[in-house]
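K.L.:
3D model of this:
(2 chains)
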Number of protein chains: 2
Amino acid sequence: MSDINSIQSKIPLSIEWKEGELFLLDQTLLPHEQVMEKQETVEQVWHSIKILKVRGAPAIGIAAAYGLCVAVKDQIKLPPDQFRSLVVEKAAYLDSARPTAVNLSWAMQRMLKLLSLDVQNSKDLYEALVQEAEKIHEEDKIICRGIGEQGAGLITDGMGIMTHCNAGALATSILGTATSLMYVAHDQNKKFKVFANETRPLFQGARLTAWELGKGGIDVTLITDSMAAHMMATGNIDMVVVGTDRVVANGDVANKIGTLGVAILAKHFGIPFYVACPSSTIDMDTKNGNDIPIEERDGAEITTIMGQKIAEAGTVTRSPAFDVTPNELVSGIITESQIIRAPYDEGLREFFKGK
Amino acid sequence: MSDINSIQSKIPLSIEWKEGELFLLDQTLLPHEQVMEKQETVEQVWHSIKILKVRGAPAIGIAAAYGLCVAVKDQIKLPPDQFRSLVVEKAAYLDSARPTAVNLSWAMQRMLKLLSLDVQNSKDLYEALVQEAEKIHEEDKIICRGIGEQGAGLITDGMGIMTHCNAGALATSILGTATSLMYVAHDQNKKFKVFANETRPLFQGARLTAWELGKGGIDVTLITDSMAAHMMATGNIDMVVVGTDRVVANGDVANKIGTLGVAILAKHFGIPFYVACPSSTIDMDTKNGNDIPIEERDGAEITTIMGQKIAEAGTVTRSPAFDVTPNELVSGIITESQIIRAPYDEGLREFFKGK
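P.N.:
Residues are numbered from 1 along each chain as shown, chains lettered A, B, ... in the order given. Just a heads-up that it's a prediction; the model follows:
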């Protein structure tokens, strides 16, 4: 693991928990500034998730788990019943920050399970919550590494790989999901090129993916989303791999807006389209993609860039933050323990049977 | 024509020739400022075309025709032979500003035909050049109106229409090509919605199309290019119409980067995809789309927006300005006199037989 640790060491961590305090890398400032921002209150954590200071399904889950600890840490003198009520309230609040990524509610549910612990006092419960958040965080590191090892075999010398948005180290604890394949393959000395779609409106591809892959030593070329089809048509792309905010029981995939378009283009050109995610991103309680809530964001994110107006004031916009890629466009779902392939309803059911 | 003239009167002209002087609307400043910039030299005209102060295939042709007059107007005391040589040289120079739109070389060739005129002096030749440029300009107005009338029948009440880039009044003399259908249909009191893709990297959709359609009274919604697939998947789009920089003999279509992706998405969702253009944009000398030169532009147009860096300095980019949509994805080519449909090789040959 020496080399891949050295790759990760060049990329800043998105989340740190140090001596009972939560620090989040403010990703809205990247790539210009690297600021680890201390999270003093639960409202601050909620806002950090809302405005994408911390983003990426796995990272949101981890940040919210720690955020729940931040929310209640000054209330450990409360009687346990009152403390439990407070935890329930704050978990619901954090869960409301963003609707699409299932890891947020997954992490909150996992934390809430601890409320059934028989404790002497609230301090013990608080400590159990911190341990659980740390466990979620540590597990994610192993999971991301596992995704990379499962998927790296798909990458061969000379390939061009397209990715959309940032399913990178910055979106997780370490190494990322989609990018983990790339880091592991790079560590295996494979030579390949990555094409990062800039990912409008918030430029996660330009600001985050191109930046972190560059830091990690990967040969990366930045293009606009509108160039994806041309790059495929001209033979530059052999595989697409993206992350996801939620996979549902039939294998439909919600991910950053623009993913559906890339998947359709990949199908048109006969290019395999893979989705990489931890099993915690798979939501077996939702039957198909039509039932995934799609966050609609402020149109100012389209009309204004870094404080500068691009379109005229008053321009009408739509701004869905995610789209749903139907299962028939997905070549495989790369998890920490296996690559699941169609038919997904069966494959996913089998996958969770053993868990 | 009263109402449609009143629609056009709300949108600034892209090109004006007044008392022997050329003025171009600096479209790089839109929608924030409306500046008609006097063109003093041929180098200035070349630069205005190069950096897209004037853009859109028909407008480039008109601007270059007048630009050729600007280039030689101070040299009318030269003997006719020397004057002719100068015209040839300056036409070649103007033609070199951008490679993909065929209207530029089409306009230059049309101007150069005047060199065979038997004239007494260079002043007469200059005046003939000015008249020809004015004729190209006036013809374009009739042609754009004709495109709108040919295509407006495709638009029905309740439709959602997607367009990419700006094939608008700003890209032509008046009314535009793709937008001419919309203005004429609006004048016919049809109710429909337009979705304008912002069109990265240079935001022609956000800065120009959303702006001019709004001024023209059209119900327009701005989206990022990455949202096109989602808008189609959710039933918002019934038709796509775009302009083009060059249609070739087999019906392949070069247009602003991103058009190919939209065409593939339209096919996937069973949505008709139309291309609107004057017949001067159809290049029967080029057999198929692979032979169209695709301009590659400076990557700074991707990494920097209004002077602000989005990606890290040194980020590697690709920046093709156009892509080629193969004929099988095109539902019809809307010209000033008819809608041409597949098979395009036959249809286009027939179309030009009568000309």
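
K.L.:
does A:A57 really touch A:D283, like I thought?
P.N.:
No. In this structure, A:A57 is not within contact of A:D283 by Cβ atoms under 8 Å, at 10.7 Å. Yep, even glycine has a C-beta here, placed from its N, CA and C like the rest.

K.L.:
overlap in contacts, the two.
P.N.:
Residues touching both A:A57 and A:D283 (Cβ atoms under 8 Å, 6 or more residues apart in numbering or on different chains): A:102, A:246.

K.L.:
for these two, indicate the residue with more neighbours.
P.N.:
Taking other Cβ atoms under 10 Å in any protein chain shown, A:A57 and A:D283 do not tie; A:A57 has more neighbours (27 against 21).

K.L.:
backbone dihedrals for the more buried one, both of them.
P.N.:
phi -50, psi -50 (degrees, to the nearest 10).

K.L.:
check which residues of stretch A:312-319 are buried.
P.N.:
For stretch A:312-319, burial by neighbour count (16 or more other Cβ atoms under 10 Å in any protein chain shown) applies to A:312, A:315, A:317-319.

K.L.:
ah, wrong one, I meant stretch A:86-99
P.N.:
By 16+ other Cβ under 10 Å, the buried positions in stretch A:86-99 come out as A:87, A:90-91, A:93-95, A:97-99.

K.L.:
report all helices and strands that the top helix by length along chain A contacts.
P.N.:
If you go by DSSP state H, chain A has its longest helix at helix A:122-151. Helices and strands touching helix A:122-151, by 3 or more Cβ pairs under 8 Å, 6 or more residues apart in numbering or on different chains; DSSP states H and E, are strand A:15-18, helix A:57-72, helix A:80-95, helix A:102-112, helix A:178-187, strand A:273-276, strand A:332-334.

K.L.:
just how off-centre is the fifth one within its chain?
P.N.:
Translated: helix A:178-187. Mean C-alpha position of helix A:178-187 versus that of the full chain (Cα atoms, centre = their mean, to the nearest Å) differs by 16 Å.

K.L.:
what's near enough to touch A:F352?
P.N.:
For A:F352, the contact set (Cβ under 8 Å, 6+ apart) comprises A:279, A:282, A:284.

K.L.:
please tell me how far the first one sits from A:I15.
P.N.:
Right, A:S279. According to Cβ to Cβ, to the nearest Å, A:S279 stands 20 Å off from A:I15.

K.L.:
comparing those two, which shows the higher neighbour count?
P.N.:
Using other Cβ under 10 Å, the more surrounded residue of A:S279 and A:I15 is A:I15, with 24 against 21.

K.L.:
what are the phi and psi values at the closest residue to chain B within the stretch 1-150 of chain A?
P.N.:
Proximity of the stretch 1-150 of chain A to chain B (Cβ to the nearest Cβ) peaks at A:P31, 4.3 Å away. The phi/psi pair for A:P31 (degrees, to the nearest 10) reads phi -90, psi 10.

K.L.:
make sure it is actually in contact with B:A311.
P.N.:
Yes. Between A:P31 and B:A311 there is a contact under Cβ under 8 Å: 6.8 Å.

K.L.:
who touches both of these two?
P.N.:
Common contacts of A:P31 and B:A311 (Cβ under 8 Å, 6+ apart): A:207, A:211.

K.L.:
more neighbours: which of these two?
P.N.:
The neighbour count for A:P31 versus B:A311, taken as other Cβ under 10 Å, is higher for B:A311 (25 against 21).

K.L.:
give me the pLDDT for the closest residue to chain B within the stretch 51-200 of chain A.
P.N.:
Nearest residue of the stretch 51-200 of chain A to chain B: A:R200, at 3.9 Å (Cβ to the nearest Cβ). The model reports A:R200 with a pLDDT of 98.

K.L.:
so which residue is dead centre in chain A?
P.N.:
Per Cα atoms, centre = their mean, the C-alpha nearest to the average position across chain A is that of A:G56, at 2.6 Å.

K.L.:
ok, now which ones touch that one?
P.N.:
Residues in contact with A:G56, defined by Cβ under 8 Å, 6+ apart, are A:14, A:166-168, A:170-172, A:176, A:243.

K.L.:
check the gap between it and A:G261 for me.
P.N.:
Separation of A:G56 from A:G261 (Cβ to Cβ): 20 Å.

K.L.:
and for A:A300, the neighbour number?
P.N.:
Residues near A:A300, counting by other Cβ under 10 Å: 12.

K.L.:
likewise for the one 10 residues further on?
P.N.:
Number of residues near A:I310 (other Cβ under 10 Å) recorded here: 21.

K.L.:
same check on A:L348?
P.N.:
A:L348 has 23 nearby residues by other Cβ under 10 Å.

K.L.:
check which helix or strand it maps to.
P.N.:
Using DSSP states H and E, A:L348 falls within helix A:344-353.

K.L.:
give the rounded mean pLDDT of that helix.
P.N.:
Across helix A:344-353, the average pLDDT comes to 96.

K.L.:
could you do stretch A:161-179 as well?
P.N.:
98.

K.L.:
ok now it, how far from the chain's centre?
P.N.:
On Cα atoms, centre = their mean, the centre of stretch A:161-179 falls 7 Å from that of its chain.

K.L.:
what do you get for stretch A:253-271?
P.N.:
Relative to its chain's centre, stretch A:253-271 lies at 18 Å (Cα atoms, centre = their mean).

K.L.:
show me which residues of it are buried.
P.N.:
Neighbour counts over stretch A:253-271 (16+ other Cβ under 10 Å) mark A:253-268, A:271 as buried.

K.L.:
just confirm A:K77 is within a helix.
P.N.:
No. Secondary structure of A:K77 (DSSP: H, G, I helix; E, B strand; the rest coil): coil, not part of a helix.

K.L.:
hmm, it is touching A:Y126, no?
P.N.:
No. Judged on Cβ under 8 Å, A:K77 makes no contact with A:Y126 at a distance of 10.4 Å.

K.L.:
which one of those two is surrounded by more residues?
P.N.:
A:Y126 (22 against 10).

K.L.:
residues in contact with the more buried one?
P.N.:
Shown in contact with A:Y126 (Cβ under 8 Å, 6+ apart): A:69, A:72-73, A:76, A:83.

K.L.:
from the stretch 251-355 of chain A, which residue is nearest to chain B?
P.N.:
Taking Cβ to the nearest Cβ, chain B has its nearest neighbour within the stretch 251-355 of chain A at A:G258, 3.0 Å off.

K.L.:
least trustworthy helix or strand in chain A by mean pLDDT?
P.N.:
Within chain A, confidence by mean pLDDT, DSSP states H and E is lowest for helix A:2-9 among all helices and strands, at a mean of 84.

K.L.:
mind listing what A:L94 touches?
P.N.:
Shown in contact with A:L94 (Cβ under 8 Å, 6+ apart): A:42, A:45-46, A:49, A:64, A:67-68, A:71, A:104, A:108.

K.L.:
repeat that for A:C277.
P.N.:
By Cβ under 8 Å, 6+ apart, the neighbours of A:C277 are A:57, A:147, A:177, A:243-244, A:247, A:333-335.

K.L.:
go again with 7 Å.
P.N.:
A:C277 makes contact with A:177, A:243-244, A:247, A:333, A:335, according to Cβ atoms under 7 Å, 6 or more residues apart in numbering or on different chains.
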